[in-house]
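*Asks:* what would the 3D arrangement of this be:
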Amino acid sequence: MQHSNIVGGSTAKRVINCPGSVALMQKMPPKPSSKYADEGTLLHNVMAELIMSEEPPEYYIGTRYEDQILTFELVEEKILPALRALDVIDPEHKMEIEAETRVGFGDLLPGVFGSTDLIGRLGNRAVVLDWKFGDGVMVEVEENPQLMFYAAAAMRTPEAQWAFEGVTEIECVIVQPPEVRRWVTTPERIAKFELELVQAVKQAEKPDAKLSVGDHCRWCAAKPICPKMTGAVERALKVQLDNLDAPKISAYLKNADMLEDWIKDLRALALQMLESGAKLPEYKLVAKRAIRSWSDEEKAKVALFAYGLTESEVMETTVVSPAKAEKALKKRKIGLPEDLVVAISSGNTLASVDDPRPEVMLLGKQLSAALSKIQ
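*Replies:* Residues are numbered from 1 along each chain as shown. This next block holds a predicted model:
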């Protein structure tokens, strides 16, 4: 799914509330994907193919996106409930539909576009639907900026106007299996939203564009460099606990999630920068605690049986971990042979330069940099 780097459906709420975030976001490095995001993309891709074809859902089992594979469980838990939602919206199967339509604002807002999961037309009603396959935060549909963005953009997109011409109602739908949330609005409300969006984008182009803190900050990747957020953290750190009364504590609790998200995103950004080869004063990368594993499971199994361990002490679904084997061997006053074990760190973590652990050497990046100089 493609989205504008100025504003898209998923960022419309943030940009309207905080136009200054656009410039901050453009300073940030690309955020690496995650298995959850990749799974969501996989499910969106499958749904787009399913609703525009006559193949059964089971046909797509085994479909892959990055490292994610569509399984029978995902079909049962996500795909089938999503398809049943269409029966709720269109029980007689009379709705004209189109999946994955790129929509934009043309000359009104050049470079601003997004991709609708589904648009439809049923009588005098246009339908804009968005699949939400995450299990986390429940997404509200009423006054949902993402769906209003898609509706406004679709009304200005020649390929999508068939769904909106002459309608008196626009239904916005969030399908978050097993829930279906629906909200009916009007073309006039969408036009009002479009005006708010245009004003926010124009404001974002100014060097002094407004920055504002609120619940729209939750998914903003620019929190670590946002002056409003850093100021909020600094002020919170300066407050003396002895001077806090109950109402103040209650007020600060409302900001706790936002501050925690900021700290989490700041650490993630610092880690990403260091792993890309950038330098951060006073910080470095160190290896996480190494977890021991068998260098050769078959060799380890033979050796442990030879030392007198029983089947239940050696075997789980695979050979027991070195830590469990070591514990069992200690009862027999036998040490764990070091040649059977390797210790491998699970990755890197951020640490102060005062940390006694050695700094990680990014040999791959250093080698690439060296080779680039001699080419």
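*Asks:* right, and Gly111 touches Val22 too?
*Replies:* No. With contact defined as CB atoms under 8 Å, Gly111 and Val22 do not form a contacting pair (11.4 Å). For glycine as for every other residue, the C-beta is placed from the backbone atoms N, C-alpha and C.
*Asks:* more crowded one of those two?
*Replies:* Each of Gly111 and Val22 has its neighbours counted (other CB atoms under 10 Å); Val22 has more, 21 against 11.
*Asks:* buried sites along the one helix or strand that one maps to?
*Replies:* Using DSSP states H and E, the secondary-structure element containing Val22 is helix 21-27. Using 16 or more other CB atoms under 10 Å as the burial criterion, the residues of helix 21-27 that qualify are 21-22, 24-25.
*Asks:* anything in contact with each of Gly111 and Val22?
*Replies:* When CB atoms under 8 Å, 6 or more residues apart in numbering defines a contact, the residues bordering Gly111 and Val22 alike are Ile6.
*Asks:* follow-up on the earlier one: out of the buried residues of helix 21-27, which two are the most distant from each other?
*Replies:* Looking at these by CB to CB, the two members farthest from one another are Val22 and Leu24, with 7.3 Å of separation.
*Asks:* tally of neighbours for the closest residue to Val342 other than its chain neighbours?
*Replies:* Nearest residue to Val342, sequence neighbours excluded (CB to CB, 6 or more residues apart in numbering): Ser295, at 4.6 Å. A total of 15 residues lie near Ser295 under the criterion other CB under 10 Å.
*Asks:* then Ala270?
*Replies:* Here the number of neighbours of Ala270 (other CB under 10 Å) works out to 16.
*Asks:* next one: the one 4 residues further on
*Replies:* Applying the criterion other CB under 10 Å, we find 20 residues in the vicinity of Leu274.
*Asks:* do the same with Gly335
*Replies:* When neighbours are defined as other CB under 10 Å, Gly335 has 9 of them.
*Asks:* which residues touch it?
*Replies:* Gly335 sits next to Leu329 when contact means CB under 8 Å, 6+ apart.
*Asks:* quick one: it is in a helix?
*Replies:* No. In this structure, Gly335 is coil, not part of a helix, as judged by DSSP: H, G, I helix; E, B strand; the rest coil.
*Asks:* any idea how far it lies from Ala325?
*Replies:* Summarising the geometry, the distance separating Gly335 from Ala325, computed by CB to CB, to the nearest Å, is 11 Å.
*Asks:* counting by contacts, list what the lengthiest helix in the chain packs against.
*Replies:* The longest helix of the chain (DSSP state H) is helix 256-275. Counting contacts by 3 or more CB pairs under 8 Å, 6 or more residues apart in numbering; DSSP states H and E, helix 256-275 packs against helix 227-238, strand 283-287, strand 348-352.
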